[in-house]
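>>> next comes the sequence, and after it the predicted model I'd like to discuss.
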Amino acid sequence: NAGVTQTPKFQVLKTGQSMTLQCAQDMNHNSMYWYRQDPGMGLRLIYYSASEGTTDKGEVPNGYNVSRLNKREFSLRLESAAPSQTSVYFCASNGGPNTEAFFGQGTRLTVV
Amino acid sequence: GDSVTQMEGPVTLSEEAFLTINCTYTATGYPSLFWYVQYPGEGLQLLLKATKADDKGSNKGFEATYRKETTSFHLEKGSVQVSDSAVYFCALSRVRGTALIFGKGTTLSVSS
């Protein structure tokens, strides 16, 4: 039972490079999320998808784009990476309002 | 808007000490409340939850009671162990919408 799977686990980018973080869940959840975790800031919501075919901005969407490819997969793209995007990124999913979220293991991204 | 405030850390305790981590929230309506735990190098995992006022969530010796009158959901454990060392996040689920809103996290360090 894999749950939420994120790839890659670690990545180093140069400023200006692009990359896509992949996320897949096998729990048949409707909703999926991307958070970033920074020291002293907790988890901040970047984008979310309440259901297949919809995406919405969260608290810190600037510099990111997302794609809900199908019900299982939700990717996060950095078009032109900046040092301020150095962070740990978590993908999560849940079945709907007021339900617990399940998290992936995280992607540690460093932009130099 | 909805928000979660939890006590600043780090919290440093000796093994078998009593633990309290304070959490208060601001939200419209009746959100569900959660405590998540993050062990070093891992993603977040649900520790306990409560979905309505006066509910008590419990797991692994941890407890928290949903207090609507004080808008609080404080985490407690009677006797902590070294293995409890981790970061603890309080979170709420919006009444409208599916995303979880997190506090900034509290780092707990337990020494033997």
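Looks like it arrived, so ask away.

>>> please settle this for me: is residue A:11 part of a helix?
No - per DSSP: H, G, I helix; E, B strand; the rest coil, residue A:11 lies outside any helix segment and is strand.

>>> give the contact list for it.
A:19, A:107, A:108, A:109, A:110 (Cβ atoms under 8 Å, 6 or more residues apart in numbering or on different chains). Every residue, glycine included, has its C-beta placed from N, CA and C.

>>> quick one: pLDDT of the second one?
According to the predicted model, the pLDDT of residue A:107 comes to 96.

>>> wouldn't it be in contact with residue A:88 here?
Yes - using Cβ atoms under 8 Å, residue A:107 is in contact with residue A:88, at 7.0 Å.

>>> more neighbours: the two, which one.
Each of residue A:107 and residue A:88 has its neighbours counted (other Cβ atoms under 10 Å in any protein chain shown); residue A:107 has more, 23 against 16.

>>> for the more buried one, which non-adjacent residue is spatially closest?
Excluding its sequence neighbours, the residue lying closest to residue A:107 (Cβ to Cβ, 6 or more residues apart in numbering or on different chains) is residue A:89, at 4.6 Å.

>>> what's the neighbour count on the one you found?
By the measure other Cβ under 10 Å, the count of residues near residue A:89 is 22.

>>> correct me if wrong, but it is in a strand.
Yes - counting by three-state DSSP, residue A:89 is part of a strand.

>>> now residue A:6. Nearest residue, chain neighbours left out?
Nearest-residue entry for residue A:6: residue A:104, 3.7 Å, with adjacent residues in sequence omitted and distances by Cβ to Cβ, 6+ apart.

>>> same question for residue A:23.
residue A:91 is the one closest to residue A:23 (Cβ to Cβ, 6+ apart), at 3.4 Å.

>>> which ones are touching the one you found?
Residue A:91 sits next to A:4, A:6, A:21, A:23, A:25, A:32-35, A:74, A:76, A:103-104 when contact means Cβ under 8 Å, 6+ apart.

>>> got the residues of chain B near chain A?
Chain B has residues B:31-32, B:34, B:36, B:42-46, B:49, B:51, B:89, B:93-105 near chain A, with proximity defined as Cβ under 8 Å from any Cβ of the partner chain.

>>> among the residues you listed, which are in strands?
B:32, B:34, B:36, B:44, B:45, B:46, B:49, B:89, B:93, B:100, B:101, B:102 (DSSP state E).

>>> just flag the most distant two among these.
Pairwise distances across these (Cβ to Cβ) peak at 17.8 Å, for the pair B:45 and B:101.

>>> so which of these two has more stuff around it?
Comparing residue B:45 with residue B:101 by neighbour count (other Cβ under 10 Å), the higher total belongs to residue B:101, at 24 against 14.

>>> show the pLDDT at the spatially closest residue to residue B:78 that is not a sequence neighbour.
Sequence neighbours aside, residue B:18 is the residue nearest to residue B:78 in space, at 6.0 Å (criterion: Cβ to Cβ, 6+ apart). pLDDT recorded at residue B:18 is 98.

>>> what about residue A:6, neighbour count?
Residue A:6: 22 surrounding residues under other Cβ under 10 Å.

>>> host element of it?
strand A:4-7 (DSSP states H and E).

>>> who does that strand pair up with?
In the sheet containing strand A:4-7, its partner strands are strand A:19-25 (antiparallel), by DSSP bridges.

>>> next secondary structure after the partner strand?
Past strand A:19-25, the next helix or strand by DSSP H and E is strand A:31-38.
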